[in-house]
Each structure stands twice: as structure tokens, then as C-alpha cells.
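S.K.: This is the structure alone, sequence omitted:
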């Protein structure tokens, strides 16, 4: 993003659930951005009545509207009503193994060499497919600690303080200063909204690995067991047998990748959730709602990093296999997998002649 | 069991679901046993109408009754109507971590130095608590391949051929010949029923480890994912990432324990289930019914053997941790675990002062 084309930055927010709506709100309220929100299931509700927001940072807001809403990602090459975007902020889930990809979703709105793409999403290496698809664009990392949920279409409950860590992903095709500049502008633009903590970070890798400590362990095990993190802590053995070993494997992998996560972070992360909240992490909520889970970026990528770096991560490997099994069941439920009723020739594990032993 | 006290052996069958009822039926039909069946939930139904059995080995049988039924384990020391039992056949699930134990359940009916105890149950080392409780009694291993289900109280569907592998567990307190003799009598008595395959085996360890190949892998993963074994085979990755690695760890542990399971057994076991059956193994059925799961003998014991023998079994360890988490949730549902609503002093993983990082 070499320059901003108007007094206010032209920003497209893709993914307008709780996190996306609060991002759109903060960017508009900060006064430095004009936001177009891409809405899906809530488009009709918001078009008619705007957003209803109950926010611990901003109070109760009725019938709030961003500068513009759309029900699909605009094609800036062909749509004369869509000006080139200075920033695209992506707050969707990142389901790497199910099409369409994030790059495919946003492609029509990306101006090569101009649009900075901010990924406010979980996981490791999520920038790689974006750099591959848009080699000349800055890619920005956003790690969000907000708690915000869309309770019904257009109605948002924002109940945990908006803290956003922002920095540039390394894009080898463009100057590091250019990436950093885009991240700083985004950070300043978002942080101009009162009541929000935006922290600019020169090295995003530490933050992303640190968040993996939590996500690869608590988020994964919660998904497999459908268990909140407080019950895990009450049981003790779920922490001792599963959460801590996975955290230690993530820590070892991060170290091999050059990111030192202090050991005390592990202990601190175990009790990071408010006990009384009986919190179910995001993938657990997704599996219970019948959604796909973003396990490839949360577990698959650190596992592949570990294998690449020669780090032994056996617990992560089993957790990954189980999450992949759960995703496969979801794919069957959504019609992406067909189940043959009888064993068919050529099946790897079809019927074999029975040998009596 | 030094001698049998009458023309027919006096046999108590504890656990009268599908497997137990078909065992009682076979023992009676063989003509060498007089069976008392201990019934629980189906006592009233069977007292009134007997068992209704549809059996692929024995045909359709209406209103069948064993020689006697009881609604609790009789105390042979105080109950004049209960003669000492030559054999107690235990076909209950073996839930090692939830009281009462098998030893506690059968204790009132065990005559020290006389009653032979046949455990027709899954898992490893299940004889140890019985030897500890009844040091002078022979303990018999039964590995059953029957398919039999109680569809409603007193109604049994027997749809997979009754094959029983019988041998003596090693009891260091009594002569091996005495244990073997009891196992041979039991084997002969059960095998006298037409249409049944009873195989006497001098070394039961091979069979029990071999069955663990299946149970520690398929039965465990099916329980965690609620997935039938055919879908695992269709997915391929569930077999490659989870089933086969667990089987290889079981095989390595068995080898360290002196039991060589040929490598081709692993491949053969992967396709052992009839593909078209879309079979859910027993623990998966239990978790879906809201029952406790017998994971301690199926996964916990081989894991403890591996740790004792210095065998690295990381997949088994994660699988064990997850199954223990599922059992803990079941304990909560049944009121054995109380959930504090707020963090309490002294909790290992209670609330900690929040440190901003």
C-alpha cells in the first residue's frame, strides 16, 4: 500500500460476525477509515435495521451502519461503484482445507501492489497463500483478543475488551519497510478508536506462536472432548496428560523455528481463561454448531513445521489426526464426502478375504 | 477348582446381556452345567417370560430359562439355597476405575480354593485384581468373538458366530496344572454345545495382546470420534494417522513383554470388520448409550506395561488421556464429579492473578 488515496482510507472488511463487526465499528469510529462491510447471512437484517451492538468498550449502539455494506466481495476491476481498497481486513475463519480459500474470496477486491491485506485470524503460516496469490501486496498480521459474538443476524455482544496486536508478515517480494509502514498505518487507524488497545509489534512471529500455545492445546482438546477449559482444569488430568504436553511440543517447535517462548508462559497460559466463564474455545463452538474447524492452521501448520525442523511432536500428531477425522465427518455431513455402501474394488482398506487366525 | 461336586458343574453367570445370556445358553445346552444367571435390569422380564433368543448358531428360541435366575450375586456362606459354585463366568464390562470392582461384585459367591473364575472380558491384566482378592482360585481367560446384543430386556439377537478362546491365566499361588485343568474343564463344558467353536489355548497372553491390537486402536478411536470402522477405512487417513500407529505401539509393547505379534496381523486387523456392517466397536456403543467405558484395561494397562518396559508409546498416551477425559465427563453426568462454580483456594489450576503479557 504505497499511498492512501483519500483523506480516509478505503477499507473492506470481509467476515462480519462479532470480530469483523467490531473491527468495522472501531475503524469507522477512529475517523481514519471509510468501511465497506461484506455481509452474508446477516445482509438483509443489517440492510433493514443496521447493527445492534452491546459493547463493553463502546456502550449500547442501536442501528449502527458502516459507510457501505455489500452482500459479496466487490470486483474493483469491473465494478465502477467500488474504488480500490487501501486495506482489506479479513476476519473470517480460515479453513485452509475447504474451498474457497481466503485468497480466492478476496481476490476480486485486491489491487496488486496497493491493497494491504490484514489477516485477523488464528494460526501459523496463514500469510503464505496470500503472498503466493498477491506477491506485491503487504500482508498484515492481526492477533485479536476481543470477545465478540453475533447472537442473531445483526446483533452483536462484545463482552471482552478489544486488544489487537498488529505487525507486518514478512513478504520477501517487497521491502520490509513498506510492509512495516502498512502495518503501522493500520495500527494507527484501528487504534484511533477510543477504548481500544492496539499494540504495534515489529516481530509478529512471537505473538502467533504464543497464541498457538493456547490454540493448539486448549482449542484442539476442547474440540475433541467438547469440554470447556474450566472443566479441564478441575479434572487436572486433562491438563497434565494433554494440554501441557501439547504446549511443550509447541514450545519446542517454536524454539527450533527461532522463537523462544519462556517456560513460565506455559503455566500462565494454563490458567489464562477466567475460571468462572467455563469457556469453550472457538473450534469447540464451531464443531458444536456444525461448522468446519480451522484445525489446519492451528495444528496442521505447527505439526508440519515440527516435521520440517526435525522436532518430535507425537501428541500434536495424534491431535491432528483426530481433528482431521472430525473435519472429515463434517465434510460427509455437508455432502463433500460420499460413503459407499459396499466395499469397492481399488479401495485401500476395502474388504479383504477373511483369514482365520 | 479341585473337583466338581455333582454330575453337572454348578455355574454362576454374572453379566447377562447378550454375551452372558448366550454363554448361559451354551453351557446349559452342552449338558455339563447347571447355570444360575444373575440378572439386573432384565430380571423381572426374564422371571415372567424367559429369554427370547434369535441366534444364528442355535435358531429361534422362545421363553428360554437357565436352571435358576437371581437378581443379585448370592452369598454362598449365608444363603442355604446357594450351593458352592464350581465356576463363576463373568461377562460384565470391566470398568476398572469405577466401583464396585469385578472382585467386589463376585466375592460373596466365591468359595476360596474351589471356584474357578472365568473372565470373558476385554483387556490386559484383568486377572491381577482377581488373583489378589482370591489367591487360591484358578482364573480363566475367555476371549470371545461372539456378536450378541440384548435388544430389550430379555430379548437377545445373536448375529455373529460364537467363538471362544479359553485358557488359564497364570496364578503364581497355585500349580499351573491346576489352573490348566480348570480351564480345560471349562473349555470342554462350553464346547459341548453344538455349533460353537471353543479353542483351548495353553498361552492366553498371545490372544489377549492380539485382541488389544484391535481394541486399543479401533475401539478407542471409534469412541473418541463416534465413528464406525468402515468410515475410518474410507477416510484412509484415520487408519494411516491413528489406527496403524497405535497398533504398532501395541505390537512393540507386546514384543517387549515377550509376545510376538506378526506384522501381517496389523494389516489383517485393519480390514477385519465386515465392511458393509459399518460397525461401531463396544466402547463407542457404550459412550453413545451414556455408559462408562472400559478404557483402563483396554488402553491404560498396555500403556502402563509400555512405561514399565520402557517402550515409547506416545499415541497410546494421548488416546488414553482423551478417553480418561471422556470417562470424567461421564462421571460428572452420573454425579461422581462435582463442578465448583467458582475457583476455590487450593485448586491446582484455579484462578491465578492475571499477568498482562
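M.R.: Noted; the coordinates are in hand. Not measured: the values here are computed from a predicted model.
S.K.: Name the residues of the stretch 151-300 of chain A found near chain B, please.
M.R.: A:210, A:221, A:224-225, A:227, A:231-239, A:241-242, A:245, A:265, A:268, A:270-272, A:274-276 (CB under 8 Å from any CB of the partner chain). All C-beta atoms are positioned from the backbone trio N, CA, C, and that covers glycine.
S.K.: List only buried entries from the residues you listed.
M.R.: A:210, A:221, A:224-225, A:227, A:231-235, A:238-239, A:241-242, A:245, A:265, A:270-272, A:275 (16 or more other CB atoms under 10 Å in any protein chain shown).
S.K.: pLDDT value on residue A:357, please?
M.R.: Model confidence at residue A:357, given as pLDDT, is 47.
S.K.: Residue A:38: what's it in contact with?
M.R.: A:12, A:13, A:14, A:15, A:16, A:69, A:70, A:71, A:72, A:73 (CB atoms under 8 Å, 6 or more residues apart in numbering or on different chains).
S.K.: Please parse chain A into its domains.
M.R.: A:9-202, A:206-333 (automatic domain parsing).
S.K.: So what pairs up with residue A:120 in the strands?
M.R.: Beta-bridge partners recorded for residue A:120 (DSSP bridges): residue A:142.
S.K.: what sits against it?
M.R.: For residue A:120, the contact set (CB under 8 Å, 6+ apart) comprises A:19, A:20, A:23, A:89, A:90, A:91, A:142, A:143, A:144, A:164.
S.K.: what's the burial count for the closest residue to residue A:112 other than its chain neighbours?
M.R.: Nearest non-adjacent residue to residue A:112, counting by CB to CB, 6 or more residues apart in numbering or on different chains: residue A:136, 5.4 Å away. Counted by other CB atoms under 10 Å in any protein chain shown, the residues lying close to residue A:136 total 15.
S.K.: Over to residue A:136: give its phi and psi.
M.R.: Dihedral pair for residue A:136: phi -100, psi 10, per degrees, to the nearest 10.
S.K.: May I see the buried residues of the one helix or strand residue A:185 maps to?
M.R.: Element membership for residue A:185, per DSSP states H and E: helix A:176-191. Residues of helix A:176-191 classed as buried: A:178-187, A:189-191 (neighbour count, 16+ other CB under 10 Å).
S.K.: Likewise for stretch A:103-121?
M.R.: Within stretch A:103-121, the residues scored as buried using 16+ other CB under 10 Å are A:103, A:105-106, A:109-111, A:114-121.
S.K.: so how far is it off the chain centroid?
M.R.: 15 Å (CA atoms, centre = their mean, to the nearest Å).
S.K.: Ok, stretch A:265-274 next?
M.R.: 20 Å.
S.K.: what do you get for stretch A:230-241?
M.R.: 26 Å.
S.K.: repeat for stretch A:87-94
M.R.: For stretch A:87-94 - counting by CA atoms, centre = their mean - the centre lies 8 Å from the chain centre.
S.K.: Between its first and last residues, how far does that stretch reach?
M.R.: 18 Å (CA to CA, to the nearest Å).
S.K.: name the helices or strands packed onto the helix or strand encompassing residue A:211?
M.R.: Take DSSP H and E as the rule and residue A:211 turns out to sit in helix A:204-214. In terms of contacts (3 or more CB pairs under 8 Å, 6 or more residues apart in numbering or on different chains; DSSP states H and E), helix A:204-214 is packed against strand A:139-144, strand A:163-168, helix A:244-256, helix A:263-270.
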